[in-house]
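Enquirer: Structure, please.
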Amino acid sequence: LRIAVMEIYGSADGQFKKLKDAYKRNFDAGLDVGSSLAVTYQGKLVLDMWGGFQDRNLSKPWCEDTIINVWSCTKNMASLCVLLLADKGQLDFSDPVTKYWPEFGVAGKSDVTISQIMSHSSGMSGWEKPIDHTTFYNWEEACSLLAEQKPFWEPGSAVGYHAISIGYLLGEIVKRITGISLGTFFKNEIADVLGIDFYIGTPRSEYERVAEIYMENDSPPALDIEDKDSVASRTISNPILRASYSASDQWRAAEIPAAGGHGNGRSMAQCMAIIANSGTVSGKEVLSTRTVEKIYEEQISGIDLVLDTYVRWGMGFALPAKNDTWMSYFENQRTCFWCGWGGSLAIADSQSQVSLGYAPLRMEESVFGSDRSDSIVRAFVDCLSALN
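Expert: Residues are numbered from 1 along each chain as shown. Below you'll find the model as predicted:
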């Protein structure tokens with residue numbers, strides 16, 4: 001899929017020229033066909049670019065306000081909501097989940113803590129009972145099934161990516177404490193306060209500008225899983241997820257706090273700027289510095305039982321890790337992030353006061369994104385070392 005000339009729009013501060021060039025090269029090489037990329041520095045947008053198309057037929061140009069399903073980058077925003085409740089003194093990360101959600105305490109889960117869920121170590125990485133993706137549209141059912149079941153491993157003993165389940169686990173805790181859904185809480189306390197164009201549960205009024213994500217052959221997440229009884233298989237294959245599901249009105253409208261958020265590079269960079277600037281953006285304190293520091297306290301590390309790569313989790317966010325992905329590129333340990341299936345990125349660096357968001361149309365095979373995401377992160381890290 002090659003286009004002679006892809007138009008790139010927007011602007012970039014000179015200090016981020018290397019990143020701007022890497023972004024353009026991805027288009028020139030045919031790796032990118034439509035996306036947005038943004039960077040904030042000290043809370044201000046210093047790179048805000050977009051280009052290409054917002055549909056697989058390459059007929060509708062990607063616009064300044066185009067938004068798209070960013071898959072697991074949504075987890076960053078869900079974590080911000082829980083951090084905010086901790087900051088307000090409405091929960092403690094060491095609390096058992098049952099303090100707020102008593103029904104969760106059966107089948108060996110009475111001691112599971114909020115921090116174990118935040119760090120993907122609770123053993124609740126997926127659903128035991130066979131479900132399909134339409135279960136994600138039924139909040140009560142998705143949560144009650146999780147509340148009833150046994151953990152897949154002893155909570156706290158290992159890390160295993162809670163691919164979709166974490167959104168319901170955290171979301172139900174938020175709902176029990178506040179009386180409102182996580183998506184509504186995010187809107188009221190973060191998006192509306194800072195004027196951020198990001199949705200967990202996208203209103204119909206925004207559908208016109210939603211880009212139609214696509215993946216060659218509509219294949220499920222590319223993980224090499226042979227053992228059908230493994231944690232990885234039980235997590236990823238129940239249900240099998242396909243990119244095309246995100247094009248439905250039901251998916252857009254549903255609150256799926258681990259994978260259904262809609263935004264773009266700009267809005268993700270702005271969300272991550274809360275962390276990059278120690279909790280205060282545009283003169284508004286969203287989180288205290290003390291709470292932001294919690295993010296960087298390692299909760300668990302090891303070979304992930306689902307992703308089969310070495311990861312480190314702080315409180316709700318991944319931390320730099322020496323593995324074979326772009327996670328190993330960060331020199332600075334005061335960096336946190338997570339990515340979305342197929343290549344979207346959300347990164348914060350509290351030392352440099354810089355954040356990045358990237359949202360692409362065409363999905364790469366790898367869960368972590370491949371060459372395209374790699375080149376963006378590498379160029380970003382180069383720009384940061386020039387800043388410091």
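Enquirer: list the contacts for Y41?
Expert: 13, 15, 352-354, 387 (CB atoms under 8 Å, 6 or more residues apart in numbering). Every C-beta, even on glycine, is put in place using the N, C-alpha and C of the backbone.
Enquirer: what's the answer for I275, then?
Expert: Applying CB under 8 Å, 6+ apart, the residues near I275 are 80, 287, 292, 295, 317, 336, 348, 350, 355.
Enquirer: Next: P203.
Expert: A253.
Enquirer: tell me the pLDDT at it?
Expert: On the pLDDT scale, P203 is placed at 98.
Enquirer: can you list the residues that contact stretch 138-145?
Expert: Counting by CB under 8 Å, 6+ apart, 103, 127-129, 131, 135-136, 168-169, 171-172, 181, 255 sit against stretch 138-145.
Enquirer: buried residues in that stretch?
Expert: 139, 142-143, 145 (16 or more other CB atoms under 10 Å).
Enquirer: follow-up on the earlier one: ok, of the contacts of stretch 138-145, which come out buried?
Expert: 127-128, 131, 135-136, 168-169, 171-172, 181, 255.
Enquirer: so where is this protein shaky, pLDDT-wise?
Expert: 1-5 (pLDDT under 70).
Enquirer: can you give me the strands in it?
Expert: For the chain, the strands defined by DSSP state E occupy 8-12, 34-41, 44-52, 68-69, 262-263, 280-281, 284-285, 300-303, 310-313, 318-319, 335-340, 344-349, 354-360.
Enquirer: Reformat the ones you listed as a markdown table; add distance to T235.
Expert: Below are the strands of the chain laid out as a markdown table (distance: least, CB to CB, whole Å):
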| stretch | distance to T235 |
| --- | --- |
| strand 8-12 | 37 |
| strand 34-41 | 28 |
| strand 44-52 | 33 |
| strand 68-69 | 20 |
| strand 262-263 | 24 |
| strand 280-281 | 34 |
| strand 284-285 | 37 |
| strand 300-303 | 15 |
| strand 310-313 | 14 |
| strand 318-319 | 17 |
| strand 335-340 | 16 |
| strand 344-349 | 20 |
| strand 354-360 | 24 |
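Enquirer: So for L84, which of these sits nearest?
Expert: strand 284-285 (11.0 Å; CB to CB).
Enquirer: Neighbouring strands - and their directions - for that closest one?
Expert: strand 280-281 (antiparallel) (DSSP bridges).
Enquirer: May I see the ChimeraX selection of the buried members of the contacts of Y41?
Expert: A single ChimeraX command selects the buried members of the contacts of Y41 (16+ other CB under 10 Å):
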select :13,15,352,353,354
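Enquirer: L345: what's its closest spatial neighbour, skipping adjacent residues?
Expert: Take L345 and drop its neighbours on the chain: the residue closest to it by CB to CB, 6 or more residues apart in numbering is Y358, 4.2 Å away.
Enquirer: contacting residues around the closest residue in space to R56 that isn't next to it in sequence?
Expert: Of all residues not flanking R56 in the chain, Y214 sits nearest, at 4.2 Å (CB to CB, 6+ apart). Residues counted as contacts of Y214 (CB under 8 Å, 6+ apart) are 56, 243-244, 361-363.
Enquirer: swap the cut-off to 7 Å and go again
Expert: Counting by CB atoms under 7 Å, 6 or more residues apart in numbering, Y214 touches 56, 243, 361-362.
Enquirer: beta partners of it?
Expert: For Y214, the beta-bridge partners under DSSP bridges are R362.
Enquirer: Quick check: it vs T74, distance?
Expert: Remark: distance between Y214 and T74 (CB to CB, to the nearest Å) = 19 Å.
Enquirer: Which of the contacts of stretch 138-145 fall within helices?
Expert: Those of those mapping onto helices are 168-169, 171-172, per DSSP state H.
Enquirer: Out of these, the closest to G108 would be?
Expert: L169 (15.3 Å).
Enquirer: Now do the contacts for that closest one.
Expert: Counting by CB under 7 Å, 6+ apart, the residues that L169 touches are 117, 124, 146.
Enquirer: what ranges do the helices span in the stretch 151-300 of the chain?
Expert: 165-178, 182-186, 192-194, 231-236, 249-253, 265-276, 289-295 (DSSP state H, counting those that start in this stretch).
Enquirer: Which of those helices has the highest mean neighbour count?
Expert: Neighbour counts (mean count of other CB atoms under 10 Å) averaged over each of these peak at helix 265-276, with a mean of 29.
Enquirer: what angle separates that helix from strand 335-340?
Expert: 150 degrees (axes from the mean of the first three to the mean of the last three CA atoms, to 10 degrees).
Enquirer: tell me the angle helix 265-276 makes with strand 344-349.
Expert: Helix 265-276 runs at 30 degrees relative to strand 344-349, counting by the same axes, to 10 degrees.
Enquirer: now the angle from helix 265-276 to strand 34-41?
Expert: Relative orientation of helix 265-276 and strand 34-41, computed by the same axes, to 10 degrees: 30 degrees.
Enquirer: Report the distance from helix 265-276 to the chain centre.
Expert: 12 Å (CA atoms, centre = their mean, to the nearest Å).
Enquirer: wait, isn't I173 in contact with W101?
Expert: Yes: in terms of CB atoms under 7 Å, I173 counts as a neighbour of W101; the distance is 6.2 Å.
Enquirer: Identify the single longest helix in the chain, thanks.
Expert: helix 371-387.
Enquirer: If we only consider the ones in helices among the contacts of stretch 138-145, which is nearest to P61?
Expert: G171 (34.6 Å).
Enquirer: so what's W153 up against?
Expert: Contacts of W153 (CB under 7 Å, 6+ apart): 123, 160, 231, 305.
Enquirer: Understood, closing this out.
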